[in-house]
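Enquirer: Build me a model from this:
(2 chains)
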Amino acid sequence: MHKLTIAFAASLVLIGGVVRAADGELDMDLMQTIEDTNKSLASNIATQNAPGSTADAKELQDLFGKVEAHFVSKGGADDAVDLSRKSKELAGAIVKSVGSKDFTTASDSATTLSRTCRTCHTFYKKS
Amino acid sequence: MSNDSRREFLRHTGLGVGGAAMAGFIPGIGHVQAASAAELLDPLAPKAAHFPAKIKSVIWLHQNGAPSTLDLYDYKPELAKLAGQEIPASFLKGIKTSTQGGVGKLFVSPKRTWKQHGESGAWFSDLLPNLAQHADKMTFIKSSTTVGATHDISILKLNTGDLNPGRPSLGAWITYALGSSNPDLPPYVVMYNGDREPQAGSVNWSSGFLPAVYQGTAFRPGPSPILYLDRPDVRAPQQQRASLDLLKRLNSLGAQRYPADTELRARLQSYELADRMQAAAPAAVDISKETDVTKELYGLNDKTSQSYGEVLLRARRLVERGVRFVQVVSGFPEGADTDRQSWDAHNDLDKNHGLMAKMVDKPIAGLLHDLKERGLLDSTLVVWTSEFGRTSYGQSGNGRDHNPWGYTQWLAGGGLKAGFTYGETDEVGLQVADKDKAVDTYDLHATVLQLVGLDHLKTTFLNSGRSERPTVVYGKVIKDILA
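Expert: The predicted model follows:
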């Protein structure tokens, strides 16, 4: 019975994913997770929490990879592909800066990353 | 030994927590920052900046309702050529124009004339003849951008950096980070002209999640700017002092039991501040002794500019006395029609802006001149700002809709390149031309903070375990405009 429930829930998630892919919109939960993780990253950098900053930045790298993949498959969204790729690279740069305890550079990169998010949203926003 | 004298003894000998903190060390906690140590005794004690400040005070001139900077500073010959035509699709790329009015035809008032002024050659329209004389004192940001299409939301973002209530305003952050430089006056004052508080409300001078003591104090227009400040005639000064002392003692007992109650701390502080303000504030806002020349300079001799001029004259007097942040929200002249009580010109822009520009032109010009003459302009920052601008396409035939995509703001004062223009809008003045030069409210906040000596990335407050800063997760100092 338990396995059946899990299978049913998994199929719902899958169907939800297909619906999202079909209407060409990005999963809003994904975008919300990015926003929350980005805020957490800014806080962790400010408090010089290296493990927290690294975990957040790595998660953002992964999430921006998904955003990039979405826009690549959607097509006709070169700006969004470039900006999500840039965001992924910035998240990677933050991991490196935090690794060398350079929180000032990490903070600058995190701010640039946030601005990149805004730039993308001026072009691609839900109406 | 009584409790009072015991506390005094501990304070003066540095044996109490406060004293230890003053010395920078609390047993069991370790070394603490000077700022937080000072805060334990007095949350408004002056605190060190991150680096030498260029200015001491900010006068934040919020032009409520969003003026059309296309009709004031941003001269667009191409717009004049295309007026009356549909806007070419290329100018609408990347924006959603889903505001109420839709997209009308490109609009230019037939009355508008333009001229360059000063050595900088800055453009001003016929609506601002007095301000135009100060072109070389001003630093224009012609690539301003923001979020939102409704006033209250964008005003909130302009002042607090967020679209939802709950974050501290810029004035509150500065007060929190630097403290007060005059213990007899509130360090953060909010003023407005007109017969009612600004529509967007006190959330725009709130301290948000910062302790409540850092919120702005609203000064009403008129001869008694602070509600209930005056001591009632039936109460003698000694009676008042005795009751305040009792209140202070009771509140202090409560504060000891609830050390995290910042509202109580703020109340304690505000009773004492109010007591001191009874003497200091009337003098600070009493403009009766200003000379006739000064009053005329601020436009007090004209019905349209009188109320705004009085507010700006008070702003200068407050800055003279060390008030750090004066937030002025433009209201409206006495007797103005209900649809002309802000810059929000969805129709009949000429009539609206004719009135509003006349209300602010002479007073702001007077303020710049007066600050300069008194040697205060170098230590003061004047910011002309608004929640957004207005569209180059028309609305209702002779008005303009809201435009968050490209508009002009300006600054004047210490630490800036005077007579300088940063950024530009496209050929019809709708969007920022170069997106890399777009200046969002966060960037403006970061730059103002920089000028008062604060690094926006290091101005932080721990709220529910999360480090917060004035610029949320954004903000970039506009280095190109700094001297």
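
Enquirer: For the lengthiest helix in chain A, buried residues please.
Expert: Criterion DSSP state H: the longest helix present in chain A is helix A:50-74. Buried positions in helix A:50-74, judged by neighbour count with 16 or more other Cβ atoms under 10 Å in any protein chain shown: A:52-57, A:59-61, A:63-64, A:67-68, A:70-71. C-betas here are computed from N, CA, C, even on glycine.

Enquirer: Quick one: low-confidence residue ranges for chain B.
Expert: Along chain B, segments meeting pLDDT under 70 span B:1-41, B:98-101.

Enquirer: Would you map the helices across it?
Expert: Here chain B has its helices, by DSSP H, at B:3-13, B:17-22, B:34-41, B:77-82, B:151-160, B:170-178, B:237-257, B:262-285, B:292-297, B:303-320, B:349-373, B:441-451.

Enquirer: Tell me which of these sits most buried.
Expert: By mean neighbour count, with neighbours taken as mean count of other Cβ atoms under 10 Å in any protein chain shown, helix B:170-178 ranks first of the helices of chain B at a mean of 27.

Enquirer: is that one anywhere near chain A?
Expert: No: Helix B:170-178 does not reach chain A (Cβ under 8 Å from any Cβ of the partner chain); its nearest approach is 14.0 Å.

Enquirer: re earlier: can you put the helices of chain B in CSV and add distance to B:R231?
Expert: As requested, those are exported to CSV (distance: least, Cβ to Cβ, whole Å):
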stretch, distance to B:R231
helix B:3-13, 24
helix B:17-22, 31
helix B:34-41, 27
helix B:77-82, 57
helix B:151-160, 33
helix B:170-178, 26
helix B:237-257, 6
helix B:262-285, 6
helix B:292-297, 29
helix B:303-320, 21
helix B:349-373, 32
helix B:441-451, 36
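
Enquirer: Alongside chain B, which residues does chain A contribute?
Expert: By Cβ under 8 Å from any Cβ, the part of chain A that sits against chain B consists of A:38-44, A:46-47, A:104, A:107-108, A:110-111, A:114-115, A:118-119, A:122-123, A:125, A:127.

Enquirer: Report pLDDT for the nearest residue to A:G65 once chain neighbours are set aside.
Expert: Counting by Cβ to Cβ, 6 or more residues apart in numbering or on different chains, A:G65 lies nearest to A:K88, which is 5.9 Å off, once chain neighbours are set aside. Turning to A:K88, the model gives it a pLDDT of 96.

Enquirer: Looks to me like A:K88 is in a helix.
Expert: Yes: assigned with DSSP: H, G, I helix; E, B strand; the rest coil, A:K88 falls within a helix.

Enquirer: quick one, what contacts B:W60?
Expert: Each residue near B:W60 by Cβ atoms under 8 Å, 6 or more residues apart in numbering or on different chains is listed here: B:170-171, B:325-328, B:383, B:385.

Enquirer: One more pass at 7 Å, please.
Expert: For B:W60, the contact set (Cβ atoms under 7 Å, 6 or more residues apart in numbering or on different chains) comprises B:325-328, B:383, B:385.

Enquirer: Just name the closest of those to A:D27, please.
Expert: Within the contacts of B:W60, the smallest distance to A:D27 is 36.6 Å, found for B:T385 (Cβ to Cβ).

Enquirer: how much space between the closest residue to the closest one other than its chain neighbours and B:P67?
Expert: Nearest residue to B:T385, sequence neighbours excluded (Cβ to Cβ, 6+ apart): B:Q409, at 4.9 Å. For B:Q409, the distance to B:P67 (Cβ to Cβ, to the nearest Å) stands at 10 Å.

Enquirer: more crowded one of the two?
Expert: Between B:Q409 and B:P67, counted using other Cβ atoms under 10 Å in any protein chain shown, B:P67 has the larger neighbour count: 30 against 23.

Enquirer: which residues touch that one?
Expert: B:343, B:353, B:356, B:386.

Enquirer: Phi first, then psi, for the nearest residue to the third one once chain neighbours are set aside.
Expert: Spatial nearest neighbour of B:M356, excluding adjacent residues (Cβ to Cβ, 6+ apart): B:W343 at 5.1 Å. Here the main-chain torsion angles of B:W343 (degrees, to the nearest 10) amount to phi -80, psi 10.

Enquirer: For B:K47, see how far away B:W343 is.
Expert: Distance of B:W343 to B:K47, given as Cβ to Cβ: 36 Å.

Enquirer: Looking at these two, which one has more neighbours?
Expert: Each of B:W343 and B:K47 has its neighbours counted (other Cβ under 10 Å); B:W343 has more, 26 against 18.

Enquirer: list the contacts for that one?
Expert: B:W343 makes contact with B:63-67, B:352, B:356, according to Cβ under 7 Å, 6+ apart.

Enquirer: quick one on the thing from earlier: what residues does the longest helix of chain A touch?
Expert: A:24, A:26, A:30, A:33-34, A:37-38, A:40-41, A:44-45, A:77, A:80-81, A:84-85, A:87-88, A:91-92, A:94-95, A:98, A:106.

Enquirer: In PyMOL, select just the buried ones from those.
Expert: To isolate the buried ones among the contacts of helix A:50-74 in PyMOL, judged by 16+ other Cβ under 10 Å, type:
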select buried, chain A and resi 26+34+37+38+40+41+44+45+77+80+81+84+85+87+88+91+92+94+95+98+106
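
Enquirer: returning to that earlier point: show me the residues of chain A next to chain B that map onto helices.
Expert: Of these, the ones assigned to helices by DSSP H are A:38-44, A:46, A:104, A:107-108, A:110-111, A:114-115, A:118-119, A:122-123.

Enquirer: Quick one: buried ones out of these?
Expert: Among these, those scoring as buried are A:38-44, A:46, A:107-108, A:110-111, A:114-115, A:118-119, A:122 (criterion: 16+ other Cβ under 10 Å).

Enquirer: how close does the residue nearest to A:G65 get to chain B?
Expert: According to Cβ to the nearest Cβ, to the nearest Å, A:K88 and chain B sit 17 Å apart.

Enquirer: Let me see the contact set for B:Y75.
Expert: B:Y75 touches B:114, B:123, counting by Cβ under 7 Å, 6+ apart.

Enquirer: how about the strands in the stretch 1-150 of chain B?
Expert: Applying DSSP state E, counting those that start in this stretch to the stretch 1-150 of chain B gives strands spanning B:25-26, B:30-31, B:57-62, B:114-117, B:122-125, B:138-144.

Enquirer: Out of the ones you listed, which one sits most buried?
Expert: Mean neighbour count (mean count of other Cβ under 10 Å) peaks for strand B:138-144 among the strands of the stretch 1-150 of chain B, with a mean of 26.

Enquirer: which helices and strands does that one pack with?
Expert: For strand B:138-144, the elements it packs on are strand B:407-413, strand B:420-422, judged by 3 or more Cβ pairs under 7 Å, 6 or more residues apart in numbering or on different chains; DSSP states H and E.
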